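> I would like the atomic coordinates for the input below:
(2 chains)
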Amino acid sequence: MRAGGLFHVGAAAILVAGYAAAASGINDYYFYAAYIVLQYVVIATAWNILGGYAGYVNFGSAGFYAAGAYTAAILYDLGKPPLPVMILGGGIAAGAIGLAAGYLTLRVKGIYFAIATLALAVVLETVVANWDYVGGTRGTYVLRPHHAWGFVNYPRALFFTMLTLAVGSVVLARAIERSKIGRGLAAIRDDEQAAESAGVPTLRLKLFAATLSGALMGVAGAPFPYYVSHLEPGSAFSLAIAVNAIAMPMIGGATSWIGPVIGALLLGGAQQIATVTISSILNLLIVGLLLIGFVIFAPQGLVGLFRRKRQ
Amino acid sequence: MSPQLLRVENVTKRFGGFVALDGVSLEIAEGERLGVIGPNGAGKSTLTNCITGLLRPEAGRVHFAGGDVTALPAHARARLGLARSFQLPRPFHSMTLAENLAIPRDYAARHDPPEPRALLERLGLGAKADALPRSLTQIELRKLEVARALAGQPRLLICDEAMAGLSHAEVDEMLGVLFALNEGGIAILMIEHIMRAVMRFSERIVVLDAGRKIADGAPDAILRDKEVERAYLGA
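Numbers count the residues shown, from 1 in each chain, chains lettered A, B, ... in the order given. Below is the predicted model:
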């Protein structure tokens, strides 16, 4: 209970520190960069709920992320609701897609789900690229609101929003991991038939995980239209999102909530630095090399390395 | 005669053109010890899977604890008190032994579930409660299978070749465990190749051959049965 209390105090402290930073005179650039890193904390944590806890690999994270972003853009067009409403809408839309995709594919094991998620992202991108209402391949413009909830400018408000979403999704993932649901998901990951025979409603738990995982990815994508101002399929369905969503939990360690956080902070941070110092194209190459290295030398990720040292 | 616990009625299961079970019926009473034997490929494991719900039969019904469970998924049957051990041990590898037992305790047990540690103690695994399954020996893995099945408070335990590969002394030890459980009121369906074990353990034996039930009776009657002899030794 003490460790749990400490964790929640830490989570609150991060939010307070983030708020103070956003109110300070730090250069705007850092908030742009931090937004992306924090967005990956949400995406990696979301991926891990299904991929790490239950062992079902989702290759189509970009599809769920884009579903959130485009839902927000559509809501914007319909009447410019407040950002929290857009985030909620993005989460519901992406969660519904997760539930539907899960219902169609989660009855069969692993690989079919992986292929289906990959196909899903391609199908969604094709639909969006041919849908005039959201601008097709040209994309659509989304103008940021003038008021920034007391922050100096809107990017700082977006930074604080994403920080809140990141902390919230990590708190949620950790609570699930330690609950009866989390133990049931771990049993599914270890041996699905043995889990079912032990009374675990495997299909229901997988659908729950797929829905929540998809919803959180949609939540991560919903503020994106305001961040870029111009939303187009190329950036919303970016390969970087799908690759990072897998690489970050794998590199950090996929069996606990801290793994995706470490992976997202390290890899996301490294990518931001590489973008400035080397080139933005090299980013994915770095991720790819790191992923290969970790799969070979530390399949349990950094968390696994640390645990092995301790034992 | 105790009241009936499980009734399998004319269950047929096909895999493509292959008929694995061909209209098999059997019954188990509350607290009974039933043995199921048969040559390799006779349909014993398929029968287990049809009873527990991992496979759906093409025809026939399965009744358990007074209700028709044919349409229920495996996890719902586990909650009614139907537990099994797997032929090859299938522990949850990332969890300690105590955590392994917590899964059926949380998901299958109905009321007053047994404490995982107390259960492990009872099966002689108490010292390993916090160890991972990969550190266990063969017999310990078998015991873990049984312990995990028990954690769900079953009324019927199906042991699918729980003793294959064990030494003489280990088989006796395992039989001792199962006898003790049975005395506690749990009906046990033992699927086993080791004749010595099945004959000693079972009150009644069902013989399967090529997907059909060819005999059903007391152990000594089964040993004298001509058809059983032919199935095992050839005509």
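
> what about stretch B:112-123, start to end distance?
From its first residue to its last, stretch B:112-123 covers 19 Å (Cα to Cα, to the nearest Å).

> what of stretch B:53-62?
Using Cα to Cα, the span of stretch B:53-62 from its first residue to its last is 9 Å.

> using PDB, write out the CA atom coordinates for stretch B:115-122.
Included here for stretch B:115-122 are C-alpha records, laid out as PDB according to Å, rounded to 0.1, in the frame of the first residue of the first chain:
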ATOM      1  CA  GLU B 115      -5.500 -20.500   0.200                       C
ATOM      2  CA  PRO B 116      -2.900 -21.200  -2.600                       C
ATOM      3  CA  ARG B 117      -0.100 -21.700   0.000                       C
ATOM      4  CA  ALA B 118      -2.100 -24.100   2.100                       C
ATOM      5  CA  LEU B 119      -3.000 -26.100  -1.100                       C
ATOM      6  CA  LEU B 120       0.700 -26.200  -2.200                       C
ATOM      7  CA  GLU B 121       1.600 -27.300   1.300                       C
ATOM      8  CA  ARG B 122      -0.900 -30.100   1.000                       C
END
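
> quick one: contacts of it?
B:97-102, B:105, B:126, B:128-129, B:147, B:150-151 (Cβ atoms under 8 Å, 6 or more residues apart in numbering or on different chains). All C-beta spots, glycine's among them, are computed from the backbone N, C-alpha and C.

> I figured residue A:135 hits residue A:234, correct?
No. With contact defined as Cβ atoms under 8 Å, residue A:135 and residue A:234 do not form a contacting pair (11.8 Å).

> which of these two has more neighbours?
residue A:135 (19 against 12; other Cβ atoms under 10 Å in any protein chain shown).

> ok so, going back, biggest separation within the contacts of stretch B:115-122, which pair?
Maximum pairwise distance in the contacts of stretch B:115-122, criterion Cβ to Cβ, is 17.5 Å, between B:105 and B:128.

> so which of these two has more stuff around it?
Relative neighbour count places residue B:105 above the other of residue B:105 and residue B:128, with 22 against 19, counting by other Cβ under 10 Å.

> host element of the more buried one?
Secondary structure from DSSP states H and E places residue B:105 in helix B:97-107.

> mind listing what's buried in that helix?
Along helix B:97-107, the positions that meet the burial threshold by neighbour count (16 or more other Cβ atoms under 10 Å in any protein chain shown) are B:97, B:98, B:99, B:100, B:101, B:102, B:103, B:104, B:105, B:106, B:107.

> what mean pLDDT does stretch A:96-116 get?
The average pLDDT within stretch A:96-116 is 84.

> got the contact list for the residue nearest to residue A:198 when sequence neighbours are not counted?
Closest residue in space to residue A:198, ignoring its immediate chain neighbours: residue B:104 at 4.1 Å, by Cβ to Cβ, 6 or more residues apart in numbering or on different chains. Counting by Cβ under 8 Å, 6+ apart, residue B:104 touches A:198, A:199, B:78, B:83, B:148, B:149, B:151, B:152.

> if we use 7 Å, what do you get?
Under the criterion of Cβ atoms under 7 Å, 6 or more residues apart in numbering or on different chains, the contact partners of residue B:104 comprise A:198, A:199, B:148, B:151, B:152.

> then residue A:103?
Neighbour list for residue A:103: residue A:207 [criterion: Cβ under 7 Å, 6+ apart].

> contacting residues for the nearest residue to residue A:294 once chain neighbours are set aside?
Of all residues not flanking residue A:294 in the chain, residue A:251 sits nearest, at 4.9 Å (Cβ to Cβ, 6+ apart). Taking Cβ under 7 Å, 6+ apart, we find residue A:251 in contact with A:263, A:267, A:290, A:291, A:294, A:301, A:302.

> JSON lines for those residues, including pLDDT, neighbour count and distance to residue B:52?
Shown next, in JSON lines, are the contacts of residue A:251 (pLDDT from 0 to 100; neighbours: other Cβ atoms under 10 Å in any protein chain shown; distance: Cβ to Cβ, whole Å):
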{"residue": "A:263", "pLDDT": "94", "neighbour count": "30", "distance to residue B:52": "39"}
{"residue": "A:267", "pLDDT": "91", "neighbour count": "25", "distance to residue B:52": "44"}
{"residue": "A:290", "pLDDT": "84", "neighbour count": "18", "distance to residue B:52": "44"}
{"residue": "A:291", "pLDDT": "84", "neighbour count": "18", "distance to residue B:52": "39"}
{"residue": "A:294", "pLDDT": "85", "neighbour count": "21", "distance to residue B:52": "39"}
{"residue": "A:301", "pLDDT": "84", "neighbour count": "26", "distance to residue B:52": "35"}
{"residue": "A:302", "pLDDT": "85", "neighbour count": "18", "distance to residue B:52": "40"}
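
> which of these sits closest to residue B:6?
Taking Cβ to Cβ as the measure, residue B:6 sits nearest to residue A:301 out of these, at 45.3 Å.

> how about the closest one: what's its closest non-neighbour residue?
Using Cβ to Cβ, 6+ apart, the closest residue to residue A:301 is residue A:253 (3.1 Å).

> can you check residue B:194 too?
Distances taken as Cβ to Cβ, 6+ apart put residue B:163 closest to residue B:194, at 5.5 Å, once the chain neighbours are dropped.

> where does the stretch 101-250 of chain A come near chain B, residue by residue?
By the rule Cβ under 7 Å from any Cβ of the partner chain, the part of the stretch 101-250 of chain A lying against chain B is A:180, A:183-184, A:186-187, A:190-191, A:193-202.

> counting neighbours, which of these end up buried?
In terms of neighbour count (16+ other Cβ under 10 Å), the buried residues within those are A:183-184, A:186-187, A:190-191, A:193-202.

> what residues does chain B put near chain A?
By the rule Cβ under 7 Å from any Cβ, the part of chain B lying against chain A is B:52, B:54, B:74-75, B:78-79, B:84, B:86, B:90, B:92-95, B:102-104, B:106-108, B:148, B:152.

> what about residue B:6, how many residues nearby?
As a burial measure, the neighbour count of residue B:6 was computed by other Cβ under 10 Å and equals 23.

> correct me if wrong: it contacts residue B:64.
Yes. Here residue B:6 lies in contact with residue B:64, judged by Cβ atoms under 7 Å, at a distance of 5.3 Å.

> quick one: find the helix or strand in chain B with the lowest mean pLDDT.
helix B:226-233 (a mean of 81; mean pLDDT, DSSP states H and E).

> and that one, what other elements does it pack with?
Other helices and strands packing on helix B:226-233, by 3 or more Cβ pairs under 7 Å, 6 or more residues apart in numbering or on different chains; DSSP states H and E, are strand B:204-209, strand B:212-217.

> any idea which residue of the stretch 1-150 of chain A lies closest to chain B?
For the stretch 1-150 of chain A, the residue positioned closest to chain B under Cβ to the nearest Cβ is residue A:55, at a distance of 10.0 Å.

> contacting residues around that residue?
Applying Cβ under 7 Å, 6+ apart, the residues near residue A:55 are A:188, A:189.

> would you list the phi and psi of it?
phi 80, psi 20 (degrees, to the nearest 10).

> that one and residue B:193, how far apart?
Between residue A:55 and residue B:193 the distance, using Cβ to Cβ, to the nearest Å, works out to 33 Å.

> same deal with residue B:86?
Between residue B:86 and residue B:193 the computed distance is 15 Å (Cβ to Cβ).

> and the buried residues of helix B:97-107 as TSV, adding pLDDT?
Rendered in TSV, the data for those read as follows (pLDDT from 0 to 100):
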residue	pLDDT
B:97	97
B:98	96
B:99	96
B:100	97
B:101	97
B:102	96
B:103	97
B:104	96
B:105	95
B:106	94
B:107	96
